[in-house]
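*Asks:* only geometry, no sequence info:
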Ligand code: OGA
Ligand code: ZN
């Protein structure tokens, strides 16, 4: 059924009411109509009318519907024209669900038994191959990439496919290999339990890329887990723990000779619809923090419950990346880690950060074609 056809309409001093032929009714306030009228926009889409100066009690003298919805404003006789399809799409009684990212698919390990690798050379040659990789990051929070050159700095070629590197005190990229005086446990051969990077930064890097140059060691496997899936499971299984982890600010810190970064935020963050949209968890950089004494032990219980879920086989996948492979992931959603390895062989990764908004932007632009 055509949902964009108008059956009838009426207006009063405040609103225009439209009854659609599918039985749905939408109400539009006059000031909203005047603010959002497409005629008030530059050809580039930017608004020309100053919202602050729209007569607050705007009302139309006439409303006529004849293919388009045409209003004449009572105060100055100016007109606004709307396409019914545009009105239906923007009808604000639906806004509670309208703007949410409907494509998100949270996952558990069982859903990721077959890992898909996206071929770098194909993506570089053709946007048709790039799109599913970007979609995977958007929807599953990560993508695996293969056939990447193994020259140093090749990770930038992957970022160049969709966006820009986010430089930090670690530089435009960081080398992950054993160092004599490591400033970070990542630069040792120790196991790293699942974590998100840089929770001590605000805002945290939205995307992380790890590119493997060499992984000829015993051990050194990678792990990933969907923090949003685990947080939703925690909410179901232990609501009190979820509440504590989503409301208690925790301090994260990183210090080196040339950096002092510190930020206070909860382990789980929800958006205004209560949906989990950010996880910060990083054992290495969590500090002593303040909270009401009667809450501290409960916080630890909640933290341990969540951390054990994230390390459990229900949520965590483990796989070994070879030289020329990479993983790109949402650093506010996906926990990454590695299994410790024995000295002897060579293991060298290069990593960098980027922003999610440019990835989503690239995806939108590709879908215009
Ligand atoms: C990192 C990290 C994982 C690895 O450097 O942030 O988590 O596989 N490295 O070495
Ligand atoms: Zn890391």
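*Replies:* Okay, I see it. Quick caveat: nothing in here was measured; it's all calculated off a predicted structure. Ligands and ions are numbered 1, 2, ... in the order given.
*Asks:* Contact partners for the residue of the stretch 201-350 of the chain found nearest ligand 1?
*Replies:* The nearest approach of the stretch 201-350 of the chain to ligand 1 comes at residue 338, 3.4 Å away (CB to the nearest ligand atom). Just so you know, the C-beta spots here come from the backbone N, C-alpha and C atoms, and that holds for glycine as well. Neighbour list for residue 338: 191, 192, 220, 221, 222, 223 [criterion: CB atoms under 8 Å, 6 or more residues apart in numbering].
*Asks:* now the helices for the stretch 101-250 of the chain?
*Replies:* Taking DSSP state H, counting those that start in this stretch as the test, the helices found in the stretch 101-250 of the chain are 120-125, 127-140, 155-160, 227-237, 239-247.
*Asks:* As a markdown table, those with mean pLDDT and mean neighbour count would be great.
*Replies:* Formatted as a markdown table, the helices of the stretch 101-250 of the chain follow (pLDDT from 0 to 100; neighbours: other CB atoms under 10 Å):
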| stretch | mean pLDDT | mean neighbour count |
| --- | --- | --- |
| helix 120-125 | 98 | 17 |
| helix 127-140 | 98 | 18 |
| helix 155-160 | 98 | 19 |
| helix 227-237 | 98 | 20 |
| helix 239-247 | 98 | 18 |
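*Asks:* Need those in JSON lines (columns: distance to residue 45).
*Replies:* Shown next, in JSON lines, are the helices of the stretch 101-250 of the chain (distance: least, CB to CB, whole Å):
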{"stretch": "helix 120-125", "distance to residue 45": "29"}
{"stretch": "helix 127-140", "distance to residue 45": "23"}
{"stretch": "helix 155-160", "distance to residue 45": "27"}
{"stretch": "helix 227-237", "distance to residue 45": "32"}
{"stretch": "helix 239-247", "distance to residue 45": "36"}
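*Asks:* closest to residue 289 out of the ones you listed?
*Replies:* Closest approach to residue 289 among the helices of the stretch 101-250 of the chain is made by helix 239-247 (12.6 Å; CB to CB).
*Asks:* what's that closest one packed up against?
*Replies:* Here helix 239-247 touches helix 227-237, strand 268-270, helix 293-311, going by 3 or more CB pairs under 8 Å, 6 or more residues apart in numbering; DSSP states H and E.
*Asks:* outside of the first one, which residues touch it?
*Replies:* The one in question is helix 227-237. Here helix 227-237 makes contact (CB under 8 Å, 6+ apart) with 104, 106-108, 141, 196, 241-242, 245, 268, 276-277, 279, 281, 305-306, 309-310, 315, 333-335.
*Asks:* Can you flag the buried ones in the residues you listed?
*Replies:* Buried subset of the contacts of helix 227-237 (neighbour count, 16 or more other CB atoms under 10 Å): 106-108, 141, 196, 241-242, 245, 268, 276-277, 279, 281, 305-306, 309-310, 315, 333-335.
*Asks:* Next, the buried residues of stretch 80-97.
*Replies:* 80, 82, 84, 87, 88, 91.
*Asks:* What of stretch 21-31?
*Replies:* Residues 26, 28, 30, 31 are the ones in stretch 21-31 that count as buried (16+ other CB under 10 Å).
*Asks:* Point out the residues in this protein that sit beside ligand 1.
*Replies:* Taking CB under 6 Å from any ligand atom as the measure of proximity, the chain contacts ligand 1 at 176, 186, 192, 197, 210, 222, 336, 338, 349, 351.
*Asks:* returning to what we had before: now intersect the buried residues of stretch 80-97 with the helices, please.
*Replies:* 84, 87, 88 (DSSP state H).
*Asks:* Any idea which residue of the stretch 101-250 of the chain lies closest to ligand 1?
*Replies:* residue 186 (3.6 Å).
*Asks:* contacting residues around that residue?
*Replies:* Residue 186 touches 176, 192, counting by CB under 8 Å, 6+ apart.
*Asks:* that older thread, between the buried residues of stretch 80-97, which sits nearest ligand 1?
*Replies:* Closest to ligand 1, out of all of the buried residues of stretch 80-97 and judged by CB to the nearest ligand atom, is residue 91, at 44.5 Å.
*Asks:* For that closest one, give me its contacts.
*Replies:* By CB under 8 Å, 6+ apart, the residues touching residue 91 are 26, 28.
*Asks:* Same question for residue 206.
*Replies:* Residues in contact with residue 206, defined by CB under 8 Å, 6+ apart, are 166, 330, 331, 332, 353, 354, 355, 356, 357.
*Asks:* Based on its surroundings, how many neighbours for the second one?
*Replies:* This points to residue 330. As a burial measure, residue 330 scores 23 neighbours (other CB atoms under 10 Å).
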